[in-house]
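Asks: Predicted model and sequence follow; I will ask about them next.
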Amino acid sequence: MKVTEHLTRAEGKTLFSFEVLPPKKGENIQNLFSNIEPLMEFKPPFIDVTYHREEYVYRQHPNGLLEKKTVRRRPGTVGICAAIKNRFDVDTVPHLICGGFSKEETENALIDLHFLGIDNVLALRGDPIKSEGRFVPEPDGHAYACDLIGQVADLNKGAYLDEEQDDVWATNFCIGTAGYPEKHFESPNSGADIRYLKHKVDRGAEYIVTQMFFDNEQFFQFEQKCRTAGITVPIIPGLKPLTTKAQLTALPRSFYLNLPDELVDAVHLAPDNAAAREIGIEWCINQSKELMAHGVPVLHYYSMGKSESIRRVAAALF
């Protein structure tokens, strides 16, 4: 079922969903299942699965020469989506990115997802390769998420890259996209960021999932700016309970977000990570309650491979 269909069936009730990472190469998928199982009691209608592009590493040979190698540390997004769908009878939302894909490879990936009965994709530009300072698209690939969204929307109309194909079958994907309450770090300002988001919706995005945030006022302002700009699709807030003292610097560095003074001060005073985790969970519960009262369609949690903190938040809400 499509994400938008789940929202319609909920009839205004706030739903619970979460995002998981594929296991690192060589890890057992059972570890992933073990993190998902405690969250299934809260009846998520869908689970997102991230996609991680290739990285470049340099290996030194005995003669001192360096060899550049391409590695993917977390492969298997499509297979994991199918495995979760089969194991838990829940819809999955694979992330589809521009980076590392030509248009032909994107089309083939979408065909695989269609054959597997996966009805949703979250279309993203994706991050640059870690060793590169900026995003570089593949030859004949997409440079922007709006163009990736356009390709999925075209396939939903039966428009394949090979225009000479006859008797083609149209796909029927529900397309999600990302929104940034504190703006995307590459956008010159929030107004431009909202215009880019509106363009993604105009190209075919049917719902928005936001980057994590810790100040609900940022979300409320972002939502209002979207509505003023004519963006009418559902906006799903993304949340994460802070779990360690180190995340005070790690999260802003990785996700370009701000942390409220009250939260920062409390975590600074925490004697250890266990105390910091309790503060983070309580903060996330209070955030979630206010967002539920506001009437958001879904509370979407970023697990980053660990589910216990999210289980405690969900237990207080659902």
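Replies: Nice, thanks for sending it over.
Asks: what about E132, how many residues close to it?
Replies: 11 (other CB atoms under 10 Å). Just so you know, the C-beta spots here come from the backbone N, C-alpha and C atoms, and that holds for glycine as well.
Asks: whoops, S102 was the one
Replies: 15.
Asks: quick thing: my sequence starts at 435, can you match it?
Replies: Renumbered: residue one is now 435, and that last one reads S536.
Asks: Quick one: residues contacting it.
Replies: With contacts defined as CB atoms under 8 Å, 6 or more residues apart in numbering, S536 is in contact with 572-575.
Asks: per-residue pLDDT, it?
Replies: We have a pLDDT of 94 for S536.
Asks: Likewise for E572?
Replies: Looking at E572, its pLDDT stands at 88.
Asks: same check, this time on L693
Replies: L693 carries a pLDDT value of 97.
Asks: quick check, nearest of the contacts of S536 to D636?
Replies: Of all those, D636 sits closest to G575, with 21.4 Å by CB to CB.
Asks: Wasn't that closest one part of a strand?
Replies: No. Counting by DSSP: H, G, I helix; E, B strand; the rest coil, G575 falls outside a strand, being coil.
Asks: since we're on it, how many residues are nearby?
Replies: With other CB under 10 Å as criterion, G575 counts 19.
Asks: which one is it nearest to, not counting chain neighbours?
Replies: Leaving out its chain neighbours, the residue that sits closest to G575 by CB to CB, 6 or more residues apart in numbering is S536, at 4.9 Å.
Asks: now do V555
Replies: Using CB to CB, 6+ apart, the nearest residue to V555 is L530, at 4.6 Å.
Asks: Can you list the strands that the helix or strand hosting the one you found pairs with?
Replies: Assigned by DSSP states H and E, L530 belongs to strand 525-531. Sheet pairing of strand 525-531 (DSSP bridges) gives strand 480-483 (parallel), strand 554-558 (parallel).
Asks: OK, contacts around Y736?
Replies: 452-453, 646, 672-674.
Asks: Which two among those are spaced furthest apart?
Replies: Maximum pairwise distance among those (CB to CB): 12.0 Å, between F452 and M646.
Asks: Identify the residues contacting P456.
Replies: So P456 contacts 466, 483-486, 508-511, 514 (CB under 8 Å, 6+ apart).
Asks: Return the member of these nearest to P694.
Replies: T484 (26.1 Å).
Asks: For the closest one, grab the count of nearby residues.
Replies: By other CB under 10 Å, neighbour count at T484 equals 20.
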